[in-house]
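In: Generate a structure from the sequence data that follows.
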Amino acid sequence: MQFMVIGYDGIDPMALSRRLKAREDHISLGDKLVKSGNMLFGVALLKDNKMVGSMVIVDFPTREDLDKWLAIEPYVTGDVWQKIEIKNCQVGPSFISMLGQTEVSLLDK
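Out: This is a model prediction of the structure:
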């Protein structure tokens, strides 16, 4: 199952400091998830050229597996993401080959 996860950083004065403190561990875990095929891609959300959140597309067998990742995600455990939105999604067929995957039809499920 593919999910879009949008994490919004806090807006307090220490928000950027928390993000920068957790960033190395966040990227390290992200690299492992990319290698395992669980993280398809991610972006930093910007406001006035400053990071204010993140959006990632992930692929986990179940929502419970997604929740297990979130339980150890440094931006969650480091209190960087203050609000998290999770939506089911499906990467479009035009982008599947860019991700090194084979096309999946929603009708096959």
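In: What residues of stretch 71-80 count as buried?
Out: By neighbour count on 16 or more other CB atoms under 10 Å, the buried set for stretch 71-80 is 73-76, 80. Every residue, glycine included, has its C-beta placed from N, CA and C.
In: Pull up the distance across it, start to finish.
Out: Start-to-end span of stretch 71-80 (CA to CA, to the nearest Å) is 13 Å.
In: For it, which outside residues touch it?
Out: 7, 9-10, 15, 18-19, 21-23, 25-26, 29, 54, 70, 81, 84 (CB atoms under 8 Å, 6 or more residues apart in numbering).
In: Am I right that Pro13 sits in a helix?
Out: No: under DSSP: H, G, I helix; E, B strand; the rest coil, Pro13 sits outside any helix and is assigned coil.
In: For it, give me the backbone phi and psi.
Out: phi -60, psi -20 (degrees, to the nearest 10).
In: same check, this time on Ser36
Out: phi -80, psi -10.
In: Could you report the pLDDT at it?
Out: Per-residue pLDDT puts Ser36 at 92.
In: now Met98
Out: So, for Met98, pLDDT stands at 69.
In: what does Pro93 give?
Out: 79.
In: For the protein, which segments are assigned as helices?
Out: Applying DSSP state H to the chain gives helices spanning 15-36, 63-72, 74-77, 93-96.
In: spatially speaking, which residue is in the middle of the protein?
Out: The chain has Val56 as the residue nearest its centroid, 2.9 Å off, counting by CA atoms, centre = their mean.
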